[in-house]
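Participant: I'll drop the sequence and a predicted model, then ask my questions.
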2 protein chains.
Amino acid sequence: MMEKRSHCPFVFALDLIGDKWSLIILRDIILMNKKFYKDFSNSGEGISTNILADRLAKLECAKIIFKKRDSVDKKRFIYSPTEKGLDLIPMMLEMVLWSARYDKKSAISADILKLIKKDPDNFMENIKNRFR
Amino acid sequence: MMEKRSHCPFVFALDLIGDKWSLIILRDIILMNKKFYKDFSNSGEGISTNILADRLAKLECAKIIFKKRDSVDKKRFIYSPTEKGLDLIPMMLEMVLWSARYDKKSAISADILKLIKKDPDNFMENIKNRFR
DNA sequence: TTGCGTTACTTGTAAATTGCAAGCATAAGC
DNA sequence: GCTTATGCTTGCAATTTACAAGTAACGCAA
């Protein structure tokens, strides 16, 4: 599908993460420090397992995340962000700021919001350092 | 649907603009200066008219855009961004920067890219001034 | 080494969403 | 009042998603 969609930057990004679930998974991996399939499945947002498997495969295929066996418990896999995935952080933070402004019931804490606003680059670097 | 989705900022944003078309429409309105239904329909991305009508209605319902009759040609309607819609610009620009970095065939010009990187706030203010 | 639980999926099927082509409604201009 | 332009709506087939159930691979304990 989508052969006729252009090389517009929006089209590029939306074809990779423009659905209701991909960014939720990336939120879990990048911001919530989750690593395992089961963590994503139990994130509380109600993603079904077939969709979760499909999105993880697509994100891995797009080199936004990667997957490796956990050396501690070889039954499971660790999903981690690539640099390409981590570079989505600025966009994700702007999305958070927008939602915090317009969602009266926003569940984000004022403290974290302040941190993001004060120095978004620093906020991002702290996250990146966790993965290196 | 989606009664069980949380008040996470990502969920809030994705429920409003997390699909393959809403941000394309907003790109046309906010960044490409398009105003009319037919402009969106002919944007070259191949959106079908029922989906276009549906997304315009949802964006209007979410107060991200608004619609009024064109006083010059009363056959048609003008679609414009609200402040809430314009406040999506920072997120949209970060999305553009990410795509420009990772899409080897990106169709965006180096000049515009430079403008965005140099002073994103100024870039946004210039756009906002067009609508006021 | 064999059965058992844990993790990570896959499969089947129904429901919802989308794409495509065609048709309809309203307003202007002649 | 007929024609054209614009902005949709409708019907139906195809694709995608949700939900429930089942399976495969591994580690561990007996």
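Facilitator: Received it, and whenever you're ready, just let me know what you need.
Participant: Please, where are all the helices along chain A?
Facilitator: Secondary structure of chain A (DSSP state H): helices at A:9-17, A:22-26, A:37-41, A:49-61, A:83-86, A:89-102, A:110-118, A:120-130.
Participant: Tell me what angle the fourth one forms with helix A:9-17.
Facilitator: Meaning helix A:49-61. 130 degrees (axes from the mean of the first three to the mean of the last three CA atoms, to 10 degrees).
Participant: Helix A:49-61 vs DNA strand D: in contact?
Facilitator: Yes - shown here: helix A:49-61 in contact with DNA strand D (CB under 7 Å from any atom of the strand) through A:Thr49, A:Asn50, A:Ile51, A:Asp54. All C-beta spots, glycine's among them, are computed from the backbone N, C-alpha and C.
Participant: State the pLDDT value of the last one.
Facilitator: Right, A:Asp54. The model reports A:Asp54 with a pLDDT of 98.
Participant: And chain A, split by domain according to the record?
Facilitator: A:1-82, A:88-132 (automatic domain parsing).
Participant: Quick one, which of the ones you listed gets closest to B:Asn33.
Facilitator: Smallest distance to B:Asn33 across these (CB to CB): 15.0 Å, for domain A:1-82.
Participant: Grab the most central residue of chain A for me.
Facilitator: Centroid-nearest residue in chain A, with CA atoms, centre = their mean: A:Leu26, separated by 1.4 Å.
Participant: I figured it hits A:Leu88, correct?
Facilitator: Yes - with contacts counted by CB atoms under 8 Å, A:Leu26 reaches A:Leu88, the gap being 6.5 Å.
Participant: residues shared between the contacts of the two?
Facilitator: Common contact partners of A:Leu26 and A:Leu88 (CB atoms under 8 Å, 6 or more residues apart in numbering or on different chains): A:Ile17, A:Ile64.
Participant: I appreciate the help and will end here.
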